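# need a structure here:
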Amino acid sequence: MDTISRENNSMLPVGGIIVGVIGLLLGGYSAISLSKVNKTLADHQVKVDKVDAIEAQAGAASAASDKLKSDLASLTRTTQEAFNQVGPALAGLREDITKIQEAAKKPAVGKKGSGEPVVAGPGEYVVKAGDSGAKIARANGCSLGDLQAVNPSVEWTKLKPGQKIKLPKK
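Numbering: from 1, shown residues only. Below you'll find the predicted structure:
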């Protein structure tokens, strides 16, 4: 048997070497391919990390935007409440100012039937019976022109007792 196995197996070691070399080549190729795959994976991991960072920034920006939206809604609500409180007060002040302006335009006389005399305030003069613009100006040390300038709405030919007029500043 010894002779038969030697004759038939002479190609066996050469075939083993060929198969071994092919295995080594395939192993080297797969190692190179695996290295390329690992490198590509590492490159993609960097990109995935960048995408994750951008996603985190977008999430933070979204949360900040939601907070700002809430703050703006709260500010709008409180501003509207303030306007709702201030509006009526301003309307009341406007009415008071209008009343004061109308009262300033009317001649000052005592209350009807009360018999109270009209009192002049600072810088004012209460017209008496027989007064004229010139007489009032002379009595108060000013010119008739100055007196007429500070009282443009007064009809000087129709002065009435109890009517208040303004005096020019000295």
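
# pLDDT of the longest helix that the chain contains, averaged?
With secondary structure taken from DSSP state H, the chain has its longest helix at helix 12-105. Looking at helix 12-105 alone, the average pLDDT works out to 92.

# how far does it sit from the chain's center?
In terms of CA atoms, centre = their mean, to the nearest Å, the centre of helix 12-105 is found 24 Å from the chain centre.

# which is the next helix or strand following it?
strand 124-126 (DSSP states H and E).

# next secondary structure element downstream of that next one?
Following strand 124-126 in sequence order, the next helix or strand is helix 133-139 (DSSP H and E).

# mind listing what's buried along that following helix?
Buried positions in helix 133-139, judged by neighbour count with 16 or more other CB atoms under 10 Å: 133, 136-137. Every residue, glycine included, has its C-beta placed from N, CA and C.

# switch these over to JSON lines; also include distance to residue 69 and pLDDT.
Conversion of these to JSON lines gives the following (distance: CB to CB, whole Å; pLDDT from 0 to 100):
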{"residue": "133", "distance to residue 69": "68", "pLDDT": "91"}
{"residue": "136", "distance to residue 69": "68", "pLDDT": "92"}
{"residue": "137", "distance to residue 69": "69", "pLDDT": "92"}
